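> Coordinates only, no sequence provided:
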Ligand code: DGY
């Protein structure tokens, strides 16, 4: 008999076919009576397949006494009660290793687009303003710019690798200095912002980092500064950021994530000094397939009693 797995969110087709082949899948995502479905199928399942956006509460975890693994197909997992998993000896896996390159590429893309005025330059060229008004205003170089990375995990390190090659001067902030990382560690976020031309946020979301980048940090980054956020909207005090961008106390923001997704605050999106992307940093066919495959592979390791590929807790 195939092992039984509870599905909170389905995965990409190729990975899904492998899951169907190996397991009996119970589609909680499609169930109308969620509580009834969980009561009937939950106790039979040792595994959950999900993404970081579907809620997994302590109550749900406790309704699954045989649960051993939650395989999550995203880097972030704020919707999952990790303490409840740990308290019940349930492992959580994410897919940071599969998506870190695409997310780092997006951070660099946003940084370059914002520093070089790509969106405005496109409009300037396509509208004929170039011919009418002459040369597009001078922009700002990447080489030699001072980069502060907030969060030096898998994604932060992938950003640093790219930006080092581009000749940026890198320092970082995090909960603690990371062993094996040679870039200067700055223990105070506002101090890092004050010494940076570009501040990139690559730190995990959730309660621990809510509003971490506050008005003081934004003011420290300053009128020539660029804030790039590929982490979570919650990491920034968004009202303070809008205020700083409006008043010019913060130069520019290049954002992949927002407090209200998928309808970010129009007070933010209508500003001229923002460069926007629709929370799509890992949104390539190749990476989404790799993330889904990592879910399949983590489950295979779990059922074979081997070490998991990307355990979080
Ligand atoms: C992630 O993997 O966490 C992405 O932001 C998608 O949610």
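Arrived safely. Remember, predicted model here, so these are calculated numbers, not experimental data. Residues are numbered from 1 along each chain as shown.

> switch to C-alpha atoms for all contacts and neighbour counts from now on
Will do.

> How is this protein partitioned into domains?
For the chain, automatic domain parsing gives the domain ranges 4-94+286-303, 99-276.

> Would you format the ones you listed as TSV with mean neighbour count included?
Converted to TSV, these look like this (neighbours: other C-alpha atoms under 10 Å):
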stretch	mean neighbour count
domain 4-94+286-303	19
domain 99-276	18
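
> Tell me which of those lies nearest to residue 310.
domain 4-94+286-303 (5.3 Å; C-alpha to C-alpha).

> What's the mean pLDDT across that closest one?
Averaged across domain 4-94+286-303, pLDDT comes to 97.

> before we move on, what about stretch 141-148?
Here the average pLDDT along stretch 141-148 is 98.

> Same check on stretch 225-237?
The model assigns stretch 225-237 a mean pLDDT of 98.

> Can you list the neighbours in contact with that stretch?
103, 106-107, 110-111, 114-115, 196-206, 209-215, 221, 250-260, 279, 281 (C-alpha atoms under 8 Å, 6 or more residues apart in numbering).

> For the nearest residue to residue 151 once chain neighbours are set aside, which residues are in contact?
Spatial nearest neighbour of residue 151, chain neighbours left out: residue 203 (4.2 Å); criterion: C-alpha to C-alpha, 6 or more residues apart in numbering. Applying C-alpha under 8 Å, 6+ apart to residue 203 gives the contacts 150-153, 156, 174, 209, 231, 235.

> Assign residue 203 to helix, strand or coil.
coil (DSSP: H, G, I helix; E, B strand; the rest coil).

> Give me the pLDDT for it.
pLDDT, read off for residue 203, is 97.

> do the same with residue 248
pLDDT, residue 248: 98.

> so which helix or strand takes in the residue of the chain most remote from its centre?
Centroid-distance maximum for the chain: residue 132 at 41.3 Å, with C-alpha atoms, centre = their mean. In this structure, residue 132 is located in helix 129-133 according to DSSP states H and E.

> Does anything pack onto whichever helix or strand comes after that helix? Which helices or strands?
Proceeding N to C from helix 129-133, the next assigned helix or strand is strand 146-150, under DSSP H and E. In terms of contacts (3 or more C-alpha pairs under 8 Å, 6 or more residues apart in numbering; DSSP states H and E), strand 146-150 is packed against helix 154-165, strand 169-173, helix 189-194, strand 198-201.

> For the ones you listed, give me JSON lines that also has distance to the ligand.
Formatted as JSON lines, these follow (distance: least, C-alpha to the nearest ligand atom, whole Å):
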{"stretch": "helix 154-165", "distance to the ligand": "11"}
{"stretch": "strand 169-173", "distance to the ligand": "20"}
{"stretch": "helix 189-194", "distance to the ligand": "22"}
{"stretch": "strand 198-201", "distance to the ligand": "12"}
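
> Distance to residue 179 added to these, as JSON lines?
Formatted as JSON lines, these follow (distance: least, C-alpha to C-alpha, whole Å):
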{"stretch": "helix 154-165", "distance to residue 179": "12"}
{"stretch": "strand 169-173", "distance to residue 179": "13"}
{"stretch": "helix 189-194", "distance to residue 179": "19"}
{"stretch": "strand 198-201", "distance to residue 179": "20"}
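
> Out of those, flag the one nearest residue 14.
Short answer: helix 154-165, nearest of those by C-alpha to C-alpha, at 25.4 Å.

> Let me know the angle separating that closest one from strand 146-150.
Helix 154-165 and strand 146-150 meet at an angle of 170 degrees, taking axes from the mean of the first three to the mean of the last three C-alpha atoms, to 10 degrees as the criterion.

> and the gap between the residue nearest to residue 79 when sequence neighbours are not counted and the ligand?
Excluding its sequence neighbours, the residue lying closest to residue 79 (C-alpha to C-alpha, 6+ apart) is residue 55, at 4.7 Å. Distance of residue 55 to the ligand, given as C-alpha to the nearest ligand atom, to the nearest Å: 13 Å.

> Quick check, residue 55 in contact with residue 80.
Yes. Between residue 55 and residue 80 there is a contact under C-alpha atoms under 8 Å: 5.8 Å.

> what ranges of the stretch 101-250 of the chain fall below the confidence cut-off?
Counting by pLDDT under 70, the stretch 101-250 of the chain contains no low-confidence range.

> does the residue most central in space within the chain sit in a helix, a strand or a coil?
Centroid-nearest residue in the chain: residue 231, 4.1 Å away (criterion: C-alpha atoms, centre = their mean). With three-state DSSP as the basis, residue 231 sits in coil.

> Could you measure from it over to residue 210?
Between residue 231 and residue 210 the computed distance is 11 Å (C-alpha to C-alpha, to the nearest Å).

> returning to that earlier point: out of the contacts of residue 203, the closest to residue 298 would be?
When these are compared for distance to residue 298 (C-alpha to C-alpha), residue 153 wins out at 20.2 Å.

> show me what contacts the closest one?
202-203 are the contacts of residue 153 under C-alpha under 8 Å, 6+ apart.
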